[in-house]
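>>> Build me a model:
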Amino acid sequence: MALYRRALQHGHLSPAAADAAPCLVDFGLLQLSLDDHDRLEPLPPVAALHGLLRASGEHIADRRRSEAQLIETFSKLIEPASRPRTAEGTPTLKVLSGKERIGEAIGRSMVAASEQVLTVQPHDGLVRPPFHHHEAAMERDQTFLDRGGRIRALYQHTVRNAPYVLARYEKLTGDVEARTLDEITERLIVVDRTVAFIPASADRSLALEVRHPALLSHFITTFDRLWRLATPMHPETVERLSSNGITPRQHAIAALLVEGHTDNVIAERLGMNVRTARVHIAKLAATLGSESRAQLGYLIGQSGILDREG
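Numbering: from 1, shown residues only. I've put the predicted structure just below:
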């Protein structure tokens, strides 16, 4: 970086001087002059950063494609007899690759279902909806409800102000409820206590289809306990009230702040973007009279707001 900075200041660098850091040429930060081959000229920092980020993104995309290809290839090589199976011979664990294939598997399971669907739907904090409102999915859910089934959905509190979430449930008729929590687990769908779907990759392009009875029991028990702790959102909405000037959302942020989490982690766990999280942190600091991050953690502890329910 010292050599690159010197090249930017003087507009060029000699090849001999660049020998001390060959990575400058390898990364394209220094390039031979068209007019003088004994002169290396620096690439502008903005262009250099853009090129390096693009190369990094392409590398990550290549690795993800490679992972998907490996899973697909080895899935074909694994003998059916070597896969975990139930007494009836159905595989208890199955890897699904591709969001379209995952959606098709969920659709097939719901066609055969008639009792209950439990879902956990984490929000990613972006402005766009956390799910796509496909007409086919809405029709599938309504058909399931028409057969006498019930749907229970858990979200983070951040979606309570998102009109598109309530609009989805207002279009459905039948036994359907939605509740919210500060934090929830990763995405989960359990259909009729017979099959569950969970992500198998960060971008959710891979999923596990789970039919193992012990795992299904664990998922359902976890969901039931979260459900009892959650605040109703649909069909009846229970308002979450502020306490001593601290809003419920700020209370949740305070709990994560004293644990030492960064703004990015707090935003991800509570289902909001980083900018929104920082706005709430600033408001919390103003309420408690804090002038620094370290002081804020101390004041949160002294205030006793975490000792009572937010």
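
>>> mind checking the longest helix of this protein?
helix 45-77 (DSSP state H).

>>> From the contact counts, what lies against that one?
Packing partners of helix 45-77 (3 or more C-beta pairs under 8 Å, 6 or more residues apart in numbering; DSSP states H and E): strand 93-97, strand 206-210. Backbone N, C-alpha and C define where each C-beta goes, glycine included.

>>> tell me which residues in the first one are buried?
Taking 16 or more other C-beta atoms under 10 Å as the neighbour-count basis, strand 93-97 is seen to contain the buried residues 94-97.

>>> Make TSV out of those and add distance to residue 288 and pLDDT.
TSV is the format used below for the buried residues of strand 93-97 (distance: C-beta to C-beta, whole Å; pLDDT from 0 to 100):
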residue	distance to residue 288	pLDDT
94	50	88
95	48	89
96	47	90
97	48	89
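
>>> I'd like to know which of those is nearest to residue 184.
residue 96 (21.9 Å; C-beta to C-beta).

>>> Assess the claim that the closest one and residue 106 are in contact.
No. With contact defined as C-beta atoms under 8 Å, residue 96 does not count as touching residue 106 (9.2 Å).

>>> shared neighbours of the two, anything?
Any residue near both residue 96 and residue 106 by C-beta atoms under 8 Å, 6 or more residues apart in numbering counts here, and that gives residue 197.

>>> quick one: stretch 218-228 to chain centroid distance?
The chain centroid and the centroid of stretch 218-228 are separated by 20 Å, computed with C-alpha atoms, centre = their mean, to the nearest Å.

>>> CA-only coordinates of it, as CSV, when you get a sec.
The C-alpha trace of stretch 218-228 is given here as CSV (Å, rounded to 0.1, in the frame of the first residue of the first chain):
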residue,chain,number,x,y,z
HIS,A,218,-37.8,-31.4,18.0
PHE,A,219,-38.9,-28.9,15.4
ILE,A,220,-42.5,-29.0,16.5
THR,A,221,-41.6,-28.7,20.2
THR,A,222,-39.4,-25.7,19.5
PHE,A,223,-42.1,-24.0,17.4
ASP,A,224,-44.7,-24.6,20.1
ARG,A,225,-42.5,-23.0,22.8
LEU,A,226,-41.8,-20.0,20.6
TRP,A,227,-45.5,-19.7,19.7
ARG,A,228,-46.5,-19.4,23.3
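
>>> hmm, who's touching stretch 60-75?
95, 97-98, 201, 203, 205-206.

>>> Looking at the residues you listed, spot the one nearest residue 292.
Closest to residue 292 out of the contacts of stretch 60-75 is residue 203 (36.5 Å), distances taken as C-beta to C-beta.

>>> Kindly list the main-chain dihedrals of the closest one?
Backbone torsions for residue 203, taken as degrees, to the nearest 10, come to phi -90, psi 0.

>>> can you check residue 252 too?
According to degrees, to the nearest 10, residue 252 has phi -70, psi -40.

>>> how close does it get to residue 261?
Distance from residue 252 to residue 261, counting by C-beta to C-beta, to the nearest Å: 11 Å.

>>> could you say what helices and strands the lowest-mean-pLDDT helix or strand in the chain packs with?
Here the helix or strand of the chain ranked lowest by mean pLDDT, DSSP states H and E is helix 293-303, holding a mean of 75. For helix 293-303, the elements it packs on are helix 248-257, helix 274-288, judged by 3+ C-beta pairs under 8 Å, 6+ apart.
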